[in-house]
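**Student:** here is a sequence with its predicted model. Questions after.
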Amino acid sequence: MTMRRIARLILPAVTVSALALASAIGSTRADTADLGRGLKSPAEIVPTGDPASRSRALFTEAAKVLTDPRCMNCHPADRQPTQGDAMRPHAPFMQAGESGFGQPGLNCNSCHRTENTTLVGSRIGSVPGATPWLLAPASMAWQGLTLGGICQQLKDPARNGGRSLAQIHTHLAEDHLVAWAWHPGEGRRPAPGTQAAFGALIAAWIETGAECPP
Ligand code: HEC
Ligand code: HEC
C-alpha cells in the first residue's frame, strides 16, 4: 500500500473525529448559554401523570440553580471549596474547617472581601466577595449528591440548620450568599434566571407538597 493510499484512508477518519469533537464543544457552549437565558416560571411547568409529578418537576427546574457551580463551589462534599465552572479544587489549597472560615492566619477573609474585587491585568477577572464569606457546613454538602439527595437534605431540619420549609424558602429568596450567585463578579457566569424567579419556583414546589425526585 502506498503512503498516499494510507493517508487517504486515515485522513477522513481524523477529519470526522475532529468535527465531532468541535461540535461536541459547540453543543456544550450552547447548553451553558441556555442555562444563562433563564428559568421557567411555575406556570410553564405543566403536570404530567400523578399530582406529585408537578412538584417534582418544579424542583427539577429550580435545581438548575441549586446545582449551578456558583452554589456548588460553596457546598462541596468535603471541607474544601471548589472554583470555577469546572468546580476544580480551590487554589491555593483551602481547608475550611469546622467554622467554615478556614484556618487561623489564612481565613477566607484574607482574600475574599465584603464585595467582589475586580482585578486588572489578571487571568482571574475578580476575587468573589460578600459579608461574611465562608463555606457551607458539612451537613449541607451537595457535591456528589443526586437531585433527590439535595432535595432530601433541604427538607431535613437535622441537616438544614433547623429550618422549616418556609424558612428554606426565605433563605433561598433572600440570603446574601445565595444572592451573590447572580452577581458573581467579573469573569464569572451568573446562576440561571433571577433570584426572584428561583424563589417563585421554590414557593410553588413547597405549595405542591415539596415532593423530591428519585
Ligand atoms: C489566598 C487567597 C484566598 C483565600 C485565603 C481563600 N480564597 Fe477563595 N478564592 C480566591 C480567589 C483568587 C478566587 C477566584 C479564583 C477564580 O475565579 O479562578 C477564589 C474563589 C473561590 C470560590 C469560587 C467561586 C466560584 O463560583 O467560582 C469559592 C467558593 C471560594 N473561593 C471559597 C473560599 C472559602 C470558603 C475560603 C475560606 C475557607 C476561601 N475561599 C479562601 C482566593 C482565596
Ligand atoms: C460563599 C459561599 C456560599 C455560596 C456562594 C452559597 N452558599 Fe449556601 N450556604 C453557605 C453557608 C455558609 C450556609 C450556612 C448558613 C446558615 O445556615 O445560615 C449555607 C446554607 C445554605 C442553605 C440552607 C441549608 C440547607 O439546607 O442547605 C441553602 C438552602 C443554601 N445555602 C442554598 C444556596 C444556593 C441555592 C446557592 C446559590 C444560588 C448558595 N447556597 C450559594 C455558603 C454559600
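**Tutor:** Ah, there it is. Ligands and ions are numbered 1, 2, ... in the order given.

**Student:** can you report phi and psi for the residue most central in space within the chain?
**Tutor:** Compute the mean C-alpha point of the chain, and by CA atoms, centre = their mean the closest residue is Asp68, 1.6 Å away. Note on Asp68: its backbone torsions stand at phi -70, psi 140 [degrees, to the nearest 10].

**Student:** what does this protein have sitting close to ligand 1?
**Tutor:** Counting by CB under 6 Å from any ligand atom, the positions of the chain adjacent to ligand 1 are 69-70, 73-74, 81, 83-84, 90, 92, 94, 96, 101-102, 106, 108, 110-112, 124, 127-128, 134-135, 188. (Each C-beta comes from the backbone N, C-alpha and C, glycine too.)

**Student:** could you rerun that using 5 Å?
**Tutor:** 70, 73-74, 81, 83-84, 94, 96, 102, 108, 110-111, 124, 127-128, 135 (CB under 5 Å from any ligand atom).

**Student:** so how do I select the buried members of those residues in PyMOL?
**Tutor:** Command for PyMOL that selects the buried part of the residues of the chain next to ligand 1, burial taken from 16 or more other CB atoms under 10 Å:
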select buried, resi 70+73+74+81+83+94+96+102+108+127+128+135
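
**Student:** does Glu186 sit in a helix, a strand or a coil?
**Tutor:** Assigned with DSSP: H, G, I helix; E, B strand; the rest coil, Glu186 falls in the coil class.

**Student:** residues near the closest residue to it other than its chain neighbours, how many?
**Tutor:** Of all residues not flanking Glu186 in the chain, Gly125 sits nearest, at 3.5 Å (CB to CB, 6 or more residues apart in numbering). Neighbour count for Gly125, taken as other CB atoms under 10 Å: 15.
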